[in-house]
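Undergrad: Kindly return the folded structure for what I paste below:
(one chain, ligands or ions: 1)
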Amino acid sequence: MADTPIIRLDGVQKSFGAVRALRGVDLECRAGECLGLVGHNGAGKSTLMNLLAGVFGAEGRIAIDGVDVSGRHGVAEAQARGIRCVFQELSICPNLSVAENARVFHAGLSGFGWRRRAGKLIRDKLDEIFPGHGISAADIVGDLPIARRQMVEIARAFTVTSAPVRLVILDEPTSSLDAHVAEQLLAFVRRFVAGGGSVVLISHLLGEILSAADRVVVMKDGQVVAERPAAEFTRSTLVAAMGSVAAEEKEGPAEPARARSDAAPRLRARPPRQEDGRELVAHRGEVIGLAGLAGQGQTAMLVLIYGRLRGAGKGENGAFVAGDRQQDGVFPLWSIADNITITSLKRLRRGLMIDRAGTRAMAEGWRERIGIRTPDVNNPILSLSGGNQQKALFARALGSDAGVVLMDDPMRGVDIGTKQEVYGMIRAEAEKGRTFLWYTTEMDELRHCDHTYVFRDGRIVADLARSELTEEKVLQSSFADAS
Ligand SMILES: Nc1ncnc2c1ncn2[C@@H]1O[C@H](COP(=O)(O)OP(=O)(O)OP(=O)(O)O)[C@@H](O)[C@H]1O
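TA: Take a look at the predicted model:
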């Protein structure tokens, strides 16, 4: 039947120990629609997607194409039926090439010339979704910046060999893509859906949901709390449906522009490839933005400065909030509390021992302040949802006594309510004299910066005070060499 949903869930429940991640969810995905899924960090979105993709089972009923598969739905079953998933924590193998990763996905690509065929398969899909992507099939995935890894993973999910592609679940697919590439993806999603495909799109960027989705499902604390056609939501009704505690983002500059201090800068740094005299300058109490398309040398600049601060020994000290939490962020085998307190151990030392009660108290304090959703801070860090892991990384940096905080696209996967709170904390900490260097792929976040440096091709190509900042200026210098 044409109207039968591809997949339908009835009264689905899932618990992890004491945490009830899903408390009776009904959901269906139909052919030819993009279903938007939103909700706070820890609402249960990824758990629900893992269930659709057959990664783990749950109580309740699951039907695919109208056939009840409860209790026997698994990854192989989902794949055979054309259900694919692009997970938040990327799953491509870092030590294999782009083509080899495509082959891993399609076991049927074997025999003579498989590498060439796998390479063509993934290259054609990258060309289709992300024209001008600059990725070669022979590139080793681990050498690619995170944005390109994310593009490979997305393209791979849409490649077709003998197995069909009917429903693709995208869990925060644009989190490390810049606005230009994110737009390419959303345009492709619309084409895919118009051609009869189906997409579930999870995103904390509500503009994306409203522009790409046909229908929106809002989750809160493991339940679906609203479900309507996207056209019936506005940004503010969507925020309200999510039960977000924070007010909606204001338009225009978040703060009035301040004149730059005449005092000696706290730090100066020049990108290695910079040939003109330009350099990044940061004073005490400033929030400095690093902008431009993804992967234009911004992360390298932060790493360089961080290395220099660490190498300097005494005096200035830096804390780093990693955007690529899988690779540089969380200590996966440690508890939430240990992950938060690792950079504050000096303060938590009692003689030769670490004060366990102090460690716990510090972590508990941050759990309250930043809303990390866990029943116990001694639980493993990987028991947290993606956005809550990212909050723990913020707590680690803000809770340290570092004078300079370097942030590498740090809001990846953080929900809208928490973002507002963190913006406020950054401002308050800057007022106390801390300096923030903040690389962001979200144009809106630059409004929180006193000064923005736009990067292109490893160089600073524009330097904009808050009063001069406009989206056009950032875009213009991102694409054309304005130096
Ligand atoms: N493997 C696990 N072990 C223990 N708890 C888990 C596990 N996976 C998820 N949870 C818990 O289940 C709840 C739902 O998590 P889920 O990842 O589905 O949230 P989410 O809506 O995707 O959040 P985010 O927006 O941060 O990605 C959270 O409270 C989380 O801590």
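
Undergrad: what helix or strand is whichever residue of the chain sits closest to the ligand on?
TA: In the chain, the residue that lies nearest the ligand is residue 387 (2.7 Å; CB to the nearest ligand atom). Placement of C-beta: from N, CA and C, glycine included. For residue 387, the element it lies in under DSSP states H and E is helix 386-399.

Undergrad: now that helix: how far from the chain's centre is it?
TA: Per CA atoms, centre = their mean, to the nearest Å, the displacement of helix 386-399 from the mean C-alpha position of its chain is 13 Å.

Undergrad: Which residue is the nearest non-sequential neighbour of the residue of the chain closest to the ligand?
TA: Spatial nearest neighbour of residue 387, chain neighbours left out: residue 41 (3.1 Å); criterion: CB to CB, 6 or more residues apart in numbering.

Undergrad: again, but for residue 367
TA: Nearest in space to residue 367, with sequence neighbours left out and distances taken as CB to CB, 6+ apart, is residue 377 at 5.6 Å.

Undergrad: right, and the one you found touches residue 368 too?
TA: No: with contacts counted by CB atoms under 8 Å, residue 377 stays clear of residue 368, the gap being 10.3 Å.

Undergrad: what's the neighbour count on the residue of the chain closest to the ligand?
TA: Residues lying near residue 387 (other CB atoms under 10 Å) number 27.

Undergrad: For it, give me its contacts.
TA: Neighbour list for residue 387: 41-42, 204, 413-415, 418 [criterion: CB atoms under 8 Å, 6 or more residues apart in numbering].

Undergrad: Which pair of those residues spans the longest distance?
TA: 42 and 204 (12.3 Å; CB to CB).

Undergrad: Could you pull up phi and psi at the closest residue to residue 451 other than its chain neighbours?
TA: In space, and not counting its chain neighbours, residue 451 is closest to residue 288: 5.3 Å by CB to CB, 6+ apart. Main-chain dihedrals, residue 288, degrees, to the nearest 10: phi -110, psi 130.

Undergrad: What's opposite residue 288 in the beta bridge?
TA: Beta-bridge partners of residue 288, counted by DSSP bridges, are residue 437, residue 451.

Undergrad: before we move on, what SS does residue 21 have?
TA: strand (DSSP: H, G, I helix; E, B strand; the rest coil).

Undergrad: shouldn't it be in contact with residue 45?
TA: No: between residue 21 and residue 45 there is no contact under CB under 8 Å: 9.8 Å.

Undergrad: ok but residue 218 is inside a strand, no?
TA: Yes: assessed by three-state DSSP, residue 218 belongs to a strand.

Undergrad: and it, what does it touch?
TA: 38-39, 224-227, 238, 241-242.

Undergrad: Poorly predicted segments of the stretch 251-400 of the chain, please.
TA: 251-259, 312-316, 325-328, 345, 348, 350-352 (pLDDT under 70).

Undergrad: in it, which spans are strands?
TA: Remark: strands assigned in the stretch 251-400 of the chain by DSSP state E, counting those that start in this stretch are 267-269, 280-282, 287-291, 318-321, 349-350, 353-354.

Undergrad: Tabulate those strands (TSV), appending mean neighbour count and distance to the ligand.
TA: Shown next, in TSV, are those (neighbours: other CB atoms under 10 Å; distance: least, CB to the nearest ligand atom, whole Å):
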stretch	mean neighbour count	distance to the ligand
strand 267-269	17	33
strand 280-282	20	30
strand 287-291	26	24
strand 318-321	25	16
strand 349-350	11	30
strand 353-354	10	25
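
Undergrad: Counting neighbours, which of the contacts of residue 218 comes out on top?
TA: In terms of neighbours by other CB under 10 Å, the contacts of residue 218 top out with residue 38 at 29 neighbours.

Undergrad: Now, the contacts of residue 387 that are in helices?
TA: Using DSSP state H, residue 418 are the members of these that sit in helices.

Undergrad: out of the contacts of residue 387, who's nearest residue 144?
TA: Within the contacts of residue 387, proximity to residue 144 (CB to CB) peaks at residue 413, which comes in at 19.6 Å.

Undergrad: for the ligand, what are the nearby residues on the protein?
TA: The chain comes close to the ligand at residues 16, 19, 21, 39, 41-47, 88, 373, 383-388, 413, 415, as judged by CB under 6 Å from any ligand atom.

Undergrad: Quick one, which of these are buried?
TA: 19, 21, 39, 41-47, 88, 373, 383-388, 413, 415 (16 or more other CB atoms under 10 Å).

Undergrad: What confidence value was assigned to residue 3?
TA: For residue 3, the pLDDT comes out at 76.

Undergrad: residue contacts, the residue nearest to it when sequence neighbours are not counted?
TA: Take residue 3 and drop its neighbours on the chain: the residue closest to it by CB to CB, 6+ apart is residue 30, 7.5 Å away. Residue 30 makes contact with 3, 5-6, 198, according to CB under 8 Å, 6+ apart.

Undergrad: how much space is there between residue 389 and residue 336?
TA: Here residue 389 is placed at a distance of 9 Å from residue 336 (CB to CB, to the nearest Å).

Undergrad: Quickly list what's touching both of the two.
TA: Shared contacts of residue 389 and residue 336, defined by CB under 8 Å, 6+ apart, comprise residue 381.

Undergrad: so what's the backbone phi/psi at residue 477?
TA: Backbone torsions of residue 477, given as degrees, to the nearest 10, read phi -80, psi -20.

Undergrad: close enough to count as contact, it and residue 456?
TA: Yes: shown here, residue 477 and residue 456 form a contact pair, counting by CB under 8 Å, at 6.7 Å.

Undergrad: anything in contact with each of the two?
TA: What both residue 477 and residue 456 touch, as defined by CB under 8 Å, 6+ apart, is the set residue 292.

Undergrad: Show me the helices in the chain, by range?
TA: Secondary structure of the chain, counting by DSSP H: helices at 45-52, 75-80, 98-105, 114-129, 146-158, 179-194, 206-212, 235-242, 298-311, 336-341, 356-370, 386-399, 416-431, 471-479.

Undergrad: Nearest to residue 219, out of the ones you listed?
TA: That would be helix 45-52 among the helices of the chain, by CB to CB, at 5.8 Å.

Undergrad: Please tell me how far the closest one is from the chain's geometric centre.
TA: Relative to the chain's own centre, helix 45-52 is displaced by 17 Å; criterion: CA atoms, centre = their mean.

Undergrad: And stretch 65-77, by the same measure?
TA: For stretch 65-77, the distance to the chain centre is 30 Å (CA atoms, centre = their mean).
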